[in-house]
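**Q** Model the structure of this input:
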Amino acid sequence: MPRIVPRILAALAAVGGALVLAGGPASAHTALVSSTPAEGDTVTELAEVSLEFTEQLLDIGNELAIVAPDGTRTALEVQEPVTETITAAVPDDALGAGENVLRYRVVAGDGHPIEGEVAFTYAPPEAAGADPSASVAASPSPSPSATDATAEAVLPTASPTPHVTVYEEVGPNPAVYVIIGAVAAGALALTIALRGRGPEDGTRR
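**A** Next up is the predicted model:
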């Protein structure tokens, strides 16, 4: 019996060591469960990002940042407390239209750092002031002085009313007919008188 006891203890120690070695890597593999936004999502607005992991995170050494399509990197302020989920507010100018990347570096409960990234698309809605009718309404109208000057320049091209009035008043004077009649009557009387004197003068000669 005394010889069997050391062998049993050695076997138990070997099994315990194997369990420790097997359990060590498992606890170090803290993994990302979900994120907001998720990989490949398209968002029209984004006020906050969040990442959820399989295990508790430490509240030190955690970093979040957004990289815009033009390469601009904006660091985000991590909100407390940090549990299995880590969150941060997104500044208004952090995003750019197109594909953005949420990069993270968190520290697992066993002290192991975990790094990764989540790509998503930002499609901002069109600006409210982009209505074409707004630009038409905003076009400057001519000042009253310019309108008056234009009207004054156009007025001389119209037919003047006095010109029409002159044509309406012009007409033959009735006295002209009287004079013409008198002249004609005098000429006729003179002609008859001359014809009457002709034969007498010839007879006398």
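
**Q** My read is that Gly116 contacts Thr30, right?
**A** No - if you go by Cβ atoms under 8 Å, Gly116 and Thr30 don't touch, sitting 11.3 Å apart. All C-beta atoms are positioned from the backbone trio N, CA, C, and that covers glycine.

**Q** Those two: which has the busier surroundings?
**A** Thr30 (19 against 13; other Cβ atoms under 10 Å).

**Q** who touches the more buried one in this structure?
**A** By Cβ atoms under 8 Å, 6 or more residues apart in numbering, the contact set of Thr30 is 53-55, 57, 108-110, 112, 114.

**Q** ok, of these, which come out buried?
**A** 53, 57, 108, 114 (16 or more other Cβ atoms under 10 Å).

**Q** How about residues contacting stretch 34-47?
**A** Residues external to stretch 34-47 that are found in contact with it (Cβ under 8 Å, 6+ apart): 48-52, 89-90, 95, 102, 118-125.

**Q** And for stretch 55-75?
**A** By Cβ under 8 Å, 6+ apart, stretch 55-75 touches 27, 30, 49, 51, 76, 78, 80-84, 86, 88, 90-91, 93-109, 111, 113.

**Q** mind giving me the domain split of this structure?
**A** Per automatic domain parsing, the structural domains of the chain span 27-122, 161-197.

**Q** Check these for me: which has the lowest mean pLDDT.
**A** Mean pLDDT per stretch puts domain 161-197 lowest among those, at a mean of 58.

**Q** Much appreciated, bye for now.
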